[in-house]
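Colleague: I need the structure of the sequence given here:
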Amino acid sequence: MITAEIITIGDEILYGSIVDSNAAYMGQCLTEMGIQPAWSTTVGDDREHIRQALDMGISRADVILVTGGLGPTHDDITKDVIADVIDRRLIFHQELLDVVERMFAARGILMPESNRVQAFIPDGATILDNPIGTAPGFAVTSGRATIFVMPGVPREMKKMMVEQVTPRLQDRSGGHVILHRMIKTSGIGESSLSEYVGEIIAGATNVKVASLPQATGVMLRLTTSAPNVEQAREQIGTLESEIYSRAGAFIYGTDDDTMEQVVGQLLAQRNETIAVAESCTGGLISDRLTDVSGSSSYFQQGIITYSNEAKIAHLGVPAQTIEQHGAVSAETAEAMAEGIRRVGKSTYGLSTTGVAGPTGGSDAKPVGLVYVGLAHETGVFVREFRFSTDRRANKTRSMLAALNMVRLLITNPKHL
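Modeller: All right, here's what the predicted structure looks like:
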């Protein structure tokens, strides 16, 4: 099997300033092509350390994927070191400089002279275009190793990996593929999910399943290997269908799907709208919904009614409701949902109120207690949730629970 080494470059990764998501993504791409990611190395912006990592990679791997250090600043030295290691000169390419200049011009900015360095590529290397950034990548060989060098910016790297690197590597993989499928669930714990699907997972002979519980929900990763993509997809698809037949109500998407995308698509397909009144989530639901391109067609408005006065003034929540039951209560969540649906003139009104923590809880209403209200022409649904003592986790889980209620009301109301 072809082996690969992943090299990510940057002090910010070693110091923990950012999480190295690039290595995980590249590893997944490699395994899906049947290429074994045998080593992963992270080095800082140090010339000698980069050289050592490249020398080691060239000595043991068939494919080397490198990200980072292609920018115009003083610490972006990846190209220089690679050129030195493979004994090639850096050659200026006017067409690359023209592309960078046009990108700056499109933003109404004069290109800094420092960006000129991005038009230099090792002699004999194949240029990998970067249509969404100023740092082009390149591919070059050294001995048996083919080295692919890409930007460290994740979205630029991913686009280059999918459109330019993967097609070049697929021809070398011999057709054998390893395929993954991620099934995402919400509103069910790992042990409960196992009661639904444990038996069919245990009986799977050609697909390996990993259960990955997270604060945002349980994910099932299906992995299979086959001589070709078609057979791998068939093997994954058979088990996936069986899992859906048992636990479909809890599954909101697969792979790169997000809850906000799924809910947005459902609303758009039905030509329906939503308005949101948030207390404990502090605008997180509105933020997630409007992260989706095209959300203006279904998102009416979002209001953060954090105080009792705001709930009364902007949503029409009766003061007596709050006095009798408290701001964190099913009754207040119901009134908030009704109020925002009325104010927003929307199909759905969604509300959250709870104790995010880590302070503010009591024996009667502990930290992590959250009520979500969902108003519709058929009535108002309110659910109580008990989450953790971590504030950020509580906000995120409340947001997902709220959006999942919308999903269920549309697709499977009996499970709401």
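Colleague: name the nearest residue to residue 348, ignoring sequence neighbours.
Modeller: Among residues not flanking residue 348 along the chain, residue 274 sits closest, at 4.5 Å (C-beta to C-beta, 6 or more residues apart in numbering). (Glycine included, C-beta is placed from N, CA and C.)
Colleague: OK, contacts around that neighbour?
Modeller: Going by C-beta atoms under 8 Å, 6 or more residues apart in numbering, residue 274 touches 267, 289, 298-300, 344, 346-350, 406.
Colleague: quick one, strands of the stretch 301-416 of the chain?
Modeller: For the stretch 301-416 of the chain, the strands defined by DSSP state E, counting those that start in this stretch occupy 348-354, 369-376, 379-386.
Colleague: for these, which one sits closest to residue 3?
Modeller: strand 379-386 (46.6 Å; C-beta to C-beta).
Colleague: of all the strands of the stretch 301-416 of the chain, which lies closest to residue 206?
Modeller: strand 379-386 (38.1 Å).
Colleague: the closest one pairs with which strands?
Modeller: strand 369-376 (antiparallel) (DSSP bridges).
Colleague: now do the partner strand: everything it contacts.
Modeller: 280, 328-330, 332-338, 340-341, 347-355, 361, 380-387, 394, 397-398, 401-402, 405-406, 409, 416.
Colleague: now for residue 312, how many residues are close by?
Modeller: 17 (other C-beta atoms under 10 Å).
Colleague: how about the residue nearest the centre of the chain, phi and psi?
Modeller: The residue lying closest to the centre of the chain (C-alpha atoms, centre = their mean) is residue 256, at 6.4 Å. Here is the backbone geometry of residue 256 (degrees, to the nearest 10): phi -90, psi 0.
Colleague: quick one: residues contacting residue 42.
Modeller: Per C-beta under 8 Å, 6+ apart, neighbours of residue 42: 7-10, 13-14, 20, 23.
Colleague: same thing but at 6 Å, please
Modeller: Residues near residue 42 by C-beta atoms under 6 Å, 6 or more residues apart in numbering: 8, 13.
Colleague: list the buried residues of stretch 249-267.
Modeller: Neighbour-count burial for stretch 249-267, counted by 16 or more other C-beta atoms under 10 Å, picks out 249-253, 258-264, 266-267.
Colleague: among these, which are in strands?
Modeller: When the buried residues of stretch 249-267 are checked against strands (DSSP state E), the matches are 251-253.
Colleague: so which of these comes closest to residue 120?
Modeller: residue 253 (42.8 Å).
Colleague: returning to that earlier point: in helices, which of the buried residues of stretch 249-267 appear?
Modeller: 259-264, 266-267 (DSSP state H).
Colleague: need these in JSON lines with pLDDT and distance to residue 193, can you?
Modeller: As requested, these are exported to JSON lines (pLDDT from 0 to 100; distance: C-beta to C-beta, whole Å):
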{"residue": "259", "pLDDT": "97", "distance to residue 193": "17"}
{"residue": "260", "pLDDT": "98", "distance to residue 193": "22"}
{"residue": "261", "pLDDT": "98", "distance to residue 193": "22"}
{"residue": "262", "pLDDT": "98", "distance to residue 193": "18"}
{"residue": "263", "pLDDT": "98", "distance to residue 193": "21"}
{"residue": "264", "pLDDT": "98", "distance to residue 193": "25"}
{"residue": "266", "pLDDT": "98", "distance to residue 193": "22"}
{"residue": "267", "pLDDT": "98", "distance to residue 193": "27"}
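Colleague: rewinding a little: with distance to residue 85 and mean neighbour count added, can I get the strands of the stretch 301-416 of the chain in a markdown table?
Modeller: As requested, these are exported to a markdown table (distance: least, C-beta to C-beta, whole Å; neighbours: other C-beta atoms under 10 Å):
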| stretch | distance to residue 85 | mean neighbour count |
| --- | --- | --- |
| strand 348-354 | 55 | 29 |
| strand 369-376 | 55 | 25 |
| strand 379-386 | 55 | 15 |
